[in-house]
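[1] take this sequence and fold it.
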Amino acid sequence: MFKTLVAMSLTAGLATAAFGTAFAEEKAPVKIGWAAWSDAEFVTKLAAKLIKDELGQEVELVQTDVAPLYQGVSRGDLDAMMMAWLPATHADYFAKVKDKVTTLGTVYDGAKLGWVVPKYVPEDAIASIEDLKKDDVKAKLKGRVEGIDPGAGLTRLSEKAVTDYGLDGYKLQISSEAGMLTTVDRAIRKEEWFVATSWSPHWMFGKYELRYIADPKGALGDAEHVDVLARKDFEEDNPEVAGFLSRMKLPIGDLEAAMFDAQETSYEKAVEKYITDHPDQVKAWLGKEEG
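    Numbering: from 1, shown residues only. Have a look, this model is predicted:
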């Protein structure tokens, strides 16, 4: 009787181990984090569709704020993020996690931050941030700089710009990308003056006639590159997806056009259109180049 129980126990144990091994071999969904910025939304959803359709792996998209993104990747709660703006915009966040993450590649470069005004505002009135100190300009702008999220690198640098340029009497309006865009849309319909924080790539430049104003003190930084960060060991755990993300790079003009398409239709339709219109890019990302 005892021998029978031992045999049954061993059999059950081996079966459980075998099941556990098979279960472990099934890849967990790739978890990619993103914050609610239009460029991040497009590239993340584009990557997710290709990973699922072409590489046959499930993807879980996790939307959160910028700080939790960096924390999530560094702790291994997220596999990757595709919106690390460096070297300046996200410098503080990256410095805290740089030894705990892996940079897979650059998804696009030539990105920039700045402040914009509508083109109907004369350049002899506002050509640079310095011009905001003029009394008549301050009155027309109502002492406001339209901003975005409190946790954004652009917000931190814009607060620095207000101080560096001595913009006494101005307030940076902390809001969100959506809130800033609503204010911009309303002002343009009335042809009112405004200055807003912005960045390229962004679809707003396809919809509205805007221009950057000069930043002679360099408070908002120079050209940026936007990198893909992954948790440590992700390349070893999932070399197929890590390789794909490392090769994924979009020309900034193509990205901006796709972001505008997304606003006119939907992100899902814009992603499908991008894949159809850029077959050679997609093949290169997937490592399927002929040669």
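[2] what residues does residue 175 make contact with?
    With contacts taken as C-beta atoms under 8 Å, 6 or more residues apart in numbering, residue 175 has the following neighbours: 146-149, 183. Quick note: C-beta positions are derived from backbone N, CA and C, even for glycine.
[3] so of those residues, which ones are in helices?
    Among the contacts of residue 175, the members found in helices (DSSP state H) are residue 183.
[4] tell me which of the contacts of residue 175 is nearest to residue 76?
    Closest approach between these and residue 76, by C-beta to C-beta: residue 149, at 25.1 Å.
[5] from residue 151, how far out is the residue lying closest to the closest one once chain neighbours are set aside?
    In space, and not counting its chain neighbours, residue 149 is closest to residue 176: 5.4 Å by C-beta to C-beta, 6 or more residues apart in numbering. Taking C-beta to C-beta, to the nearest Å as the measure, residue 176 and residue 151 are separated by 10 Å.
[6] do the same with residue 113
    Distance from residue 113 to residue 151, by C-beta to C-beta: 15 Å.
[7] neighbour count winner among the two?
    Counting neighbours by other C-beta atoms under 10 Å for residue 113 and for residue 151 shows that residue 113 has the greater number, 25 against 15.
[8] and the more buried one, bridged to which residues?
    Partner residues in beta bridges with residue 113, using DSSP bridges, are residue 199.
[9] test my guess that it contacts residue 221.
    Yes. Contact criterion C-beta atoms under 8 Å: residue 113 and residue 221 qualify, at 5.9 Å.
[10] identify the contacts common to the two.
    88-89, 157.
[11] which one (most neighbours) among the residues you listed?
    Highest neighbour count within the shared contacts of residue 113 and residue 221: residue 89, with 25 neighbours (other C-beta under 10 Å).
[12] hang on, that residue packs against residue 83?
    No. Counting by C-beta under 8 Å, residue 89 does not reach residue 83; the two are 9.8 Å apart.
[13] how about the strands in the stretch 151-291 of the chain?
    Assignment of strands within the stretch 151-291 of the chain using DSSP state E, counting those that start in this stretch yields the ranges 171-173, 196-200, 210-212, 224-231.
[14] would JSON lines of those with mean pLDDT be doable?
    Below are the strands of the stretch 151-291 of the chain laid out as JSON lines (pLDDT from 0 to 100):
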{"stretch": "strand 171-173", "mean pLDDT": "97"}
{"stretch": "strand 196-200", "mean pLDDT": "96"}
{"stretch": "strand 210-212", "mean pLDDT": "97"}
{"stretch": "strand 224-231", "mean pLDDT": "97"}
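[15] looking at the ones you listed, which is closest to residue 118?
    Of all the strands of the stretch 151-291 of the chain, strand 210-212 sits nearest to residue 118, with 6.0 Å by C-beta to C-beta.
[16] partners of the closest one in the sheet?
    Taking DSSP bridges as the criterion, strand 210-212 sits next to strand 101-118 (antiparallel) in its sheet.
[17] pLDDT below threshold where in the protein?
    Filtered on pLDDT under 70, the chain yields the residue ranges 1-26, 289-291.
[18] ranges for the helices of the chain?
    With DSSP H applied, the chain shows helices at 2-25, 38-55, 66-75, 91-97, 135-141, 153-164, 177-189, 204-207, 234-237, 239-247, 252-264, 267-277, 279-285, listed in chain order.
[19] which secondary structure elements does the second one contact?
    Read that as helix 38-55. For helix 38-55, the contact count by 3 or more C-beta pairs under 8 Å, 6 or more residues apart in numbering; DSSP states H and E identifies strand 30-34, strand 59-63, strand 80-86, strand 101-118, helix 239-247, helix 252-264, helix 267-277, helix 279-285 as packing neighbours.
[20] before we move on, back to that, same list (the helices of the chain) but as a markdown table, adding distance to residue 107.
    Converted to a markdown table, the helices of the chain look like this (distance: least, C-beta to C-beta, whole Å):
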| stretch | distance to residue 107 |
| --- | --- |
| helix 2-25 | 30 |
| helix 38-55 | 6 |
| helix 66-75 | 14 |
| helix 91-97 | 15 |
| helix 135-141 | 34 |
| helix 153-164 | 16 |
| helix 177-189 | 19 |
| helix 204-207 | 19 |
| helix 234-237 | 16 |
| helix 239-247 | 8 |
| helix 252-264 | 9 |
| helix 267-277 | 13 |
| helix 279-285 | 10 |
